[in-house]
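# coords below, sequence missing:
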């Protein structure tokens, strides 16, 4: 079981164990009050007193045992049920009329707590086993089961099985949720690695291929080899076979490790303008607000990386003479960065075709980053009229990308 699954299970089951602990204490008090109010009916009151003292000592001493599933062992459950059954069977010995008059047994409804412990620990099958033994003990104690006895037996039996079944369903749901969270975390990690590969290795290989073809000679052969490696790596990335690190079993521990790796303090902010300013040049115009545009440091880096990926697409696809513009808007709750160019635009269906070929610049480096930040990336392109990429990031983002790079 992973640490994530343990956290989920604890959050669902722990209240049930706490409720069982309170139930055992309250029903112990109830059984003692019943015995005290009806002490005149006992022919052997010492039997009732002795059992209730033992029951009180057992209940108080075993409270840690019903605190959680790990402490509630099979041996404890067996002993606990034995105490309950003993109390039921001792009732006629203390009260001679118990067989002929419908009334509470010595442990009274405390017995149901023992059955519920079986239900929480092992599900409905364990609950059915324990409640059946309680039913048999009640029938033996009554001699001839009355309508009330039958009603109480069926009530305990049905209720305990229902609770056990609900616990089993909850555990199955917890496992499914834990697995889904693990898959989501692994998928995001894979996408992060794929973005890093696209932004570094693939870009270098593509540049080597282009420069090699331009230089010719031996450089052309190196370019050809770089092109082959680029295609192979793109295929690997698009197939989802990029290796991922093991998902941390404790999200808090993972956050501490990632923060240590990046050398940042939690809650650190960065001015987005400083990260985007280096892109300004003769063919890239940068328009910014007059005041700092503050974002969480990790979110600012990821947004800047998405802008860089958009500019890379401009350089590669819009031609060497294309002009690009970067506009930063600082809204009260959102930061908007628009990257626009005057290139030929993107033909319809080209993005889907590129993604199928393993060229994931838009899918991962841009849209993937913005998705992880809780933002959006909209691409508008008209053939012959250039392309516009609008990146929106909420100022209070999910923070997943704060440690992604």
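Alright, I've got the coordinates. Predicted, not measured: the structure shown is a model, and the values here were computed from it.
# secondary structure class for residue 134?
Using DSSP: H, G, I helix; E, B strand; the rest coil, the structure places residue 134 in helix.
# can you pull the pLDDT of it?
According to the prediction, residue 134 has pLDDT 89.
# do you know how far it is from residue 168?
According to CB to CB, to the nearest Å, residue 134 stands 20 Å off from residue 168. C-betas here are computed from N, CA, C, even on glycine.
# in the stretch 301-405 of the chain, which spans are helices?
With DSSP state H, counting those that start in this stretch as the criterion, the stretch 301-405 of the chain has helices at 350-356, 369-372.
# And those helices, which one averages the lowest pLDDT?
helix 350-356 (a mean of 54).
# What lies in contact with stretch 381-396?
The contact list for stretch 381-396 (CB atoms under 8 Å, 6 or more residues apart in numbering) reads 295, 299, 303, 306-307, 310, 313-314, 318, 333-348, 366, 370, 373-380.
# Report the buried members of those residues.
With burial judged by 16 or more other CB atoms under 10 Å, the buried subset of the contacts of stretch 381-396 is 295, 299, 303, 306-307, 310, 313-314, 318, 335, 337-346, 366, 370, 373-375, 377, 379.
# Out of those residues, list just those in strands.
Cross-referencing the buried ones among the contacts of stretch 381-396 against strands under DSSP state E gives 295, 335, 337, 338, 339, 340, 341, 377, 379.
# shouldn't the second one be in contact with residue 302?
No: look at residue 335 against residue 302 with CB atoms under 8 Å: they stay out of range, at 11.8 Å.
# Residue 134 and residue 168: which has the busier surroundings?
residue 134 (23 against 16; other CB atoms under 10 Å).
# What is the neighbour count of residue 122?
Around residue 122 there are 20 residues (other CB under 10 Å).
# let me redo that: residue 275
So residue 275, with other CB under 10 Å, has 19 neighbours.
# What of residue 216?
Number of residues near residue 216 (other CB under 10 Å) recorded here: 10.
# In contact with it, which residues?
So residue 216 contacts nothing (CB under 8 Å, 6+ apart).
# let's have the chain start at 56 instead
Noted, 56 is the first residue going forward, which turns the last one into residue 271.
# Residue 161 versus that one, what's the distance?
Counting by CB to CB, the gap from residue 271 to residue 161 is 100 Å.
# Over to residue 98?
14 Å.
# what does residue 369 give?
85 Å.
# I'd like to know how far residue 359 sits from residue 343.
Going from residue 359 to residue 343 by CB to CB gives 13 Å.
# who are the neighbours in contact with residue 399?
373, 374, 438, 439, 441.
# 7 Å instead?
With contact taken as CB atoms under 7 Å, 6 or more residues apart in numbering, residue 399 is in contact with 373, 438, 439.
# Repeat that for residue 374.
Residue 374 neighbours (CB under 7 Å, 6+ apart): residue 398.
# again with residue 328
Going by CB under 7 Å, 6+ apart, residue 328 touches 343, 347, 348, 383.
# Is residue 234 within a helix or a strand, and which one?
helix 202-252 (DSSP states H and E).
# Report all helices and strands that that helix contacts.
helix 58-92, helix 165-177, helix 179-197, helix 273-293 (3 or more CB pairs under 7 Å, 6 or more residues apart in numbering; DSSP states H and E).
# 8 Å - rerun?
helix 58-92, helix 165-177, helix 179-197, helix 273-293, helix 424-427 (3 or more CB pairs under 8 Å, 6 or more residues apart in numbering; DSSP states H and E).
# Show me the least confident stretch of those, going by mean pLDDT.
Per-stretch mean pLDDT for the helices and strands packed on helix 202-252 is lowest at helix 273-293 (a mean of 64).
# how close does the nearest residue to residue 433 once chain neighbours are set aside sit to residue 89?
Residue nearest to residue 433 in three dimensions, not counting chain neighbours: residue 445, with 4.6 Å by CB to CB, 6 or more residues apart in numbering. Distance, residue 445 to residue 89, by CB to CB: 73 Å.
# what are the phi and psi values for the nearest residue to residue 338 once chain neighbours are set aside?
Counting by CB to CB, 6+ apart, residue 338 lies nearest to residue 378, which is 5.5 Å off, once chain neighbours are set aside. Per-residue torsions, residue 378: phi -100, psi 140 (degrees, to the nearest 10).
# Identify the residues contacting residue 378.
338, 339, 340, 396, 397.
# what does residue 222 give?
Here residue 222 is in contact with 68, 71, 174, 175, 178, 179 (CB under 8 Å, 6+ apart).
# Redo the residues you listed as a markdown table? Include neighbour count.
Output for the contacts of residue 222, formatted as a markdown table (neighbours: other CB atoms under 10 Å):
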| residue | neighbour count |
| --- | --- |
| 68 | 17 |
| 71 | 18 |
| 174 | 27 |
| 175 | 22 |
| 178 | 19 |
| 179 | 20 |
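# before we move on, the earlier item: tell me the one of the contacts of residue 399 nearest residue 75?
residue 373 (67.4 Å; CB to CB).
# what sits against that closest one?
379, 396, 397, 398, 399, 441, 442.
# Contacts only, for residue 207.
residue 193.
# I'd like to know how far it sits from residue 326.
Taken as CB to CB, the span from residue 207 to residue 326 is 72 Å.
# before we move on, what about residue 363?
Distance from residue 363 to residue 326, by CB to CB: 16 Å.
# So between these two, which is more surrounded?
residue 363 (19 against 16).
# Quickly note the distance from that one to residue 369.
From residue 363 to residue 369 the distance is 11 Å (CB to CB).
# I'd like to know which of the contacts of residue 378 is nearest to residue 146.
Nearest to residue 146 among the contacts of residue 378, with distances taken as CB to CB, is residue 396, at 88.4 Å.
# Contact partners for that closest one?
For residue 396, counting by CB under 8 Å, 6+ apart, the contacting residues are 369, 373, 377, 378, 379, 380, 441, 442, 443.
# Lowest pLDDT pick from those?
Among the contacts of residue 396, residue 373 has the lowest pLDDT, at 77.
# Look up how far residue 338 lies from that residue.
From residue 373 across to residue 338, the span is 10 Å (CB to CB).
# Over to residue 205?
From residue 205 to residue 338 the distance is 89 Å (CB to CB).
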